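Chemist: this one's structure only:
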């Protein structure tokens, strides 16, 4: 998913709950990564119900979850 459809999904998911699903921090619209709860590589579906808000940055929840999904230690 790219472009306008992706931006619309980001807004829908963030509007539903603007807090990081990992740490609970309130995040601004431009301060999160839209994350698949079950990674696509692990058979997760590319649907809204499989998406969540995760905070970004080198110590952010998205980075940690991605490393875990890839089987790497953080």
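Modeler: Right, received. Where do you want to start? Everything quoted here is computed from the prediction, not taken from an experiment. Residues are numbered from 1 along each chain as shown.
Chemist: how about residue 35, secondary structure?
Modeler: Look at residue 35: counting by DSSP: H, G, I helix; E, B strand; the rest coil, its state is strand.
Chemist: Next, the distance between the ends of stretch 12-31.
Modeler: Stretch 12-31 has an end-to-end distance of 15 Å (criterion: CA to CA, to the nearest Å).
Chemist: ah, wrong one, I meant stretch 40-48
Modeler: For stretch 40-48, the first-to-last residue distance is 13 Å (CA to CA).
Chemist: Grab the longest helix from this structure for me.
Modeler: If you go by DSSP state H, the chain has its longest helix at helix 3-16.
Chemist: For it, name the packing helices and strands.
Modeler: strand 32-36, strand 51-55 (3 or more CB pairs under 8 Å, 6 or more residues apart in numbering; DSSP states H and E). Where C-beta positions appear, they are placed from N, C-alpha and C, glycine not excepted.
Chemist: got those as TSV, with mean neighbour count, distance to residue 72 and mean pLDDT columns?
Modeler: TSV is the format used below for these (neighbours: other CB atoms under 10 Å; distance: least, CB to CB, whole Å; pLDDT from 0 to 100):
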stretch	mean neighbour count	distance to residue 72	mean pLDDT
strand 32-36	20	16	95
strand 51-55	23	16	97
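Chemist: okay, these in JSON lines with distance to residue 64 next?
Modeler: Output for the helices and strands packed on helix 3-16, formatted as JSON lines (distance: least, CB to CB, whole Å):
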{"stretch": "strand 32-36", "distance to residue 64": "11"}
{"stretch": "strand 51-55", "distance to residue 64": "9"}
